[in-house]
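> Below are the sequence and a predicted model for it; my questions follow.
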Amino acid sequence: MVEKSNVTDNSEVQKKANFIDLQIEEDLKAGKNNNRVHTRFPPEPNGYLHIGHAKSICLNFGIAEKFGGKTNLRFDDTNPSKEETEYVESIKDDIRWLGFDWEDRLYFTSDYFDKLFEFAIQLIKDGKAYVDDQDAETIASQKGTPTRPGTESPFRNRSVEENLDLFRRMAAGEFDEGSRVLRAKIDMASPNMHMRDPFIYRIIKAHHHRTGDKWKIYPMYDFAHGQSDYWEGITHSVCTLEFEVHRPLYDWFIDQLQESDYRPRQIEFARLNLNYTVMSKRKLLELVKDGHVKGWDDPRMPTISGLRRRGYTPESIRNFADKVGVTKVDGVIDVSLLEFSIKEHLNRTAQRVMGVLNPLKVVITNYPEGESEELDAVNNPEDESMGKRKVPFSRELFIERDDFMEDPPRKFFRLGPGREVRLRYAYYITCNDVIKDENGEITELHCTYDPATKGGNSPDGRKVKATLHWVSVKHAVQSEVRLYDRLFNDENPLGHKDVDFKEFMNPESLKVLLNCFIEPFVKDAKPLDHFQFERLGYFNVDLDSTKENIIFNRTVALRDSWAKSQKRK
RNA sequence: UGACCCAUGGUGUAAUUGGCAACACGUCUGGUUUUGGUCCAGAAGAGUUCAGGUUCGAGCCCUGAUGGGUCAACCA
């Protein structure tokens, strides 16, 4: 069975087996690979990980967990011109943050460069690989098309000795980049383009982030991946759908290598797509490089570091990965599911706090000047063990501008002239006067409070229709709040021919509010701490935050059926 | 005149392997509520791309069609 055997967060959810689980169960039933299950997560260190990688990470480590196997982390670093150590470190951080552990199984494809080289030599000796002296264009022209077979290279039938000599000289750096490649000799007429004598080694004279300048030639992905799997004892090599057509080639190389019953198997699944964003490293890099966002970890980015900074928790991302499932169907997941995942987690765990984003001053005219008091507030109504805190109250308060209307429409329950509402955990107040400046802008409200309603209940049983959040002016912490909206206005920014995806960027994806006031409880909050600002949403402390200037990110807004009903009108 | 893959409510995933199409998100309604949140109750929404076939019975098996995706980087 494939249910999680360990009962972690006592949720004991029995996960449905997906098609990969089923295939693994079959392999196990057939006694393959001595009943071992061993997966790997193989990122290329050429960018930061995104939520799509998170799905793959959860899948690979999840499989190992379900079947009592192991998962390796392997950096697929076969192209020195694109890869950097910075990326290696960020990737490791992100995986660890998600809560997965590769233990001592950290590998680099570059660890296998010597073995790969030897394997190439062997193929040459076996007459299964040859050096091609033609340039890229010529070779491409001989490749044929998907509907027309290719033609063989004039260098295809060189002698083994000549191939050996040339290949060694390629490795020695005797030739220029692009002047020669090593190719596998397979079948130029294959209906599968990848089998038409694929390149397996090319000359690149760039500094490699790990092997330095030792190598002048580097293996191609197809020549490295399966072999790395094989040498690491990987049993199930899970990758995304676009590698489906590579599988025959993967198998071909394994055929050349296999010397026992053990054999790794490639299985493909559909990559994650999210609407209103882009999910390709190249496109994300473009956003970073061109300054459309502030970096890989900009809270608007679908990167793991961006989501982390935005306030997403590892739990929420893992739950999300579970919810989207694993299939071979190319689909697009609605961001609302991602947002649901974080709201679900933070609702249970986030400290409640009151914060006013667009302040409107309220003077409690019958509250003694210069005095203040502390009121009890619940830290999390979903979790009594989180206890209570004190919130200071005084004569001058801020409330949310949206919570007052001079001419309240029909279903508006909040404050208006002559109306009485409750200030959460404090008192009932009634609005008596609306003070305006010379432009007619409302500058403050004069209200009276009912001392008998302390804590928020009226002894006479009088009801109010609304409860507002508030802060005490002299106690509140002024802070910056960054509100985020989707990065793109279009559901599928990449789905338009002839229009660059950046054309669809949302100009209002970031709104910075500098004049926000939060209750003093947040004074000592540290970067990445989560809060629910009551009635508003979930916020966390940004990495830019300092003791003097606390900065909050809005992770996600609370569901707001009032705003929704207003929008409909 | 190719190969390979895919097709179930708006979205994503299920369906005891041939037996009443279910769950989640989203949407809507009502209730509870010191958060217009949460929670609770309920509703709408697919008859499974189409056409044949096998079968007592097909979302599931077979055939064909249609639609979509991937493949012709010295990227992974």
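Thanks, I have it.
> Which strand or helix spans A:E480?
strand A:477-484 (DSSP states H and E).
> in its sheet, what does whichever helix or strand comes after that strand sit against?
As assigned by DSSP H and E, the chain's next helix or strand after strand A:477-484 is strand A:510-518. In the sheet, strand A:510-518 lines up against strand A:355-356 (antiparallel), strand A:477-484 (antiparallel) (DSSP bridges).
> With mean pLDDT, mean neighbour count and distance to A:P43 added, can I get those in a markdown table?
Yep, even glycine has a C-beta here, placed from its N, CA and C like the rest. Listed next are the strands paired with strand A:510-518 as a markdown table, based on pLDDT from 0 to 100; neighbours: other CB atoms under 10 Å; distance: least, CB to CB, whole Å:
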| stretch | mean pLDDT | mean neighbour count | distance to A:P43 |
| --- | --- | --- | --- |
| strand A:355-356 | 98 | 28 | 38 |
| strand A:477-484 | 98 | 19 | 26 |
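> follow-up on the earlier one: mind checking how far the strand holding A:E480 is from the chain centre?
23 Å (CA atoms, centre = their mean, to the nearest Å).
> cool, and stretch A:511-531?
The answer for stretch A:511-531 is 24 Å, by CA atoms, centre = their mean.
> Distance of A:E174 relative to A:I91?
Applying CB to CB, to the nearest Å, the value for A:E174 to A:I91 is 35 Å.
> go on, A:V481?
31 Å.
> With respect to RNA strand B, which of the strands paired with strand A:510-518 lies nearest?
strand A:355-356 (11.0 Å; CB to the nearest atom of the strand).
> residues in contact with the next helix or strand after that closest one?
Next helix or strand after strand A:355-356 toward the C-terminus (DSSP H and E): strand A:359-364. Contacting residues not belonging to strand A:359-364 are listed as A:395-401, A:403-404, A:429, A:442-449, A:470, A:473, A:515-517 [CB atoms under 8 Å, 6 or more residues apart in numbering].
> In helices only, show me these.
Using DSSP state H, no member of the contacts of strand A:359-364 sits in helices.
> ok, A:E174 and A:I91, which is more surrounded?
Neighbour count, other CB atoms under 10 Å: between A:E174 and A:I91, A:I91 has more, with 23 against 13.
> That one belongs to a helix, doesn't it?
Yes. Counting by DSSP: H, G, I helix; E, B strand; the rest coil, A:I91 is part of a helix.
> Tell me if I'm right that it and A:D77 touch.
No. Between A:I91 and A:D77 there is no contact, the gap being 11.1 Å when judged by CB atoms under 8 Å.
> rewinding a little: can you list the strands paired with strand A:510-518 in CSV and add distance to A:E232?
Below are the strands paired with strand A:510-518 laid out as CSV (distance: least, CB to CB, whole Å):
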stretch, distance to A:E232
strand A:355-356, 50
strand A:477-484, 40
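> Can you tell me which of those strands is nearest to A:Y367?
strand A:355-356 (18.0 Å; CB to CB).
> anything in that closest one near RNA strand B?
No. Judged by CB under 7 Å from any atom of the strand, strand A:355-356 stays clear of RNA strand B, getting no closer than 11.0 Å.
> what about that strand, distance to the chain center?
The answer for strand A:355-356 is 28 Å, by CA atoms, centre = their mean.
> Let me know the distance separating A:K436 from A:P154.
88 Å.
> How about residues contacting stretch A:86-96?
Residues outside stretch A:86-96 that contact it (CB under 8 Å, 6+ apart): A:41, A:43, A:45-49, A:53, A:57, A:73, A:75, A:102, A:106, A:209, A:296, A:304-305, A:308.
> Who are the contact partners of whatever residue of chain A ends up closest to RNA strand B?
When scored by CB to the nearest atom of the strand, chain A has A:G456 as its residue closest to RNA strand B, at 2.0 Å. Residues near A:G456 by CB under 8 Å, 6+ apart: A:422-428, A:467.
> Could you list which of the residues you listed also contact RNA strand B?
A:422, A:424-425, A:467.
> Buried residues, stretch A:481-496. List them.
A:481-488, A:490, A:493-494 (16 or more other CB atoms under 10 Å).
> Let's see the pLDDT reported for the residue lying closest to A:E84 once chain neighbours are set aside.
Nearest non-adjacent residue to A:E84, counting by CB to CB, 6 or more residues apart in numbering: A:H209, 5.8 Å away. Note for A:H209: predicted pLDDT of 96.
> my guess is A:I121 is in a helix, correct?
Yes. Looking at A:I121 with three-state DSSP, it is inside a helix.
> Would you mind listing the residues in contact with A:F488?
Counted by CB under 8 Å, 6+ apart, A:F488 has contacts A:276-278, A:501, A:504-506.
> now swap in A:F533 and tell me
Taking CB under 8 Å, 6+ apart, one finds A:353-355, A:357, A:469, A:518, A:539 in contact with A:F533.
> Tabulate these (CSV), appending distance to A:Q227.
Listed next are these as CSV, based on distance: CB to CB, whole Å:
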residue, distance to A:Q227
A:V353, 54
A:M354, 59
A:G355, 55
A:L357, 56
A:H469, 60
A:I518, 56
A:F539, 48
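> between those residues, which is nearest A:G226?
Using CB to CB, the contacts of A:F533 come closest to A:G226 at A:F539, 46.5 Å.
> Test my guess that the closest one contacts A:F552.
Yes. Using CB under 8 Å, A:F539 is in contact with A:F552, at 4.3 Å.
> Give me the more crowded residue out of those two.
Shown here are A:F539 and A:F552; by other CB under 10 Å, A:F539 has more neighbours (32 against 27).
> what does the model give that one for pLDDT?
pLDDT recorded at A:F539 is 98.
> Over to A:D498?
pLDDT at A:D498 comes out at 85.
> next one: the one 4 residues further on
A:K502 carries a pLDDT value of 95.
> what's around it, how many residues?
14.
> Can you tell me, leaving aside adjacent residues, what's nearest to it?
A:K502's closest residue in space is A:H292 (CB to CB, 6+ apart), at 6.6 Å.
> ok, now A:F61?
Leaving aside its sequence neighbours, A:F61 is closest to A:F100 (4.4 Å, by CB to CB, 6+ apart).
> what does the stretch 401-550 of chain A put close to RNA strand B?
So far as CB under 7 Å from any atom of the strand goes, the stretch 401-550 of chain A lies against RNA strand B at A:411-414, A:422, A:424-425, A:455-457, A:466-467, A:532, A:534-535.
> my read: A:F501 touches A:K283, true?
Yes. Between A:F501 and A:K283 there is a contact under CB under 8 Å: 6.5 Å.
> And the two? Which one has more around it.
When neighbours are counted by other CB under 10 Å, A:F501 and A:K283 differ, and A:F501 comes out ahead with 19 against 15.
> list the contacts for the more buried one?
A:278, A:283, A:488, A:493-494.
> give the contact list for A:Q227.
Counted by CB under 8 Å, 6+ apart, A:Q227 has contacts A:112, A:115-116, A:119, A:253, A:257.
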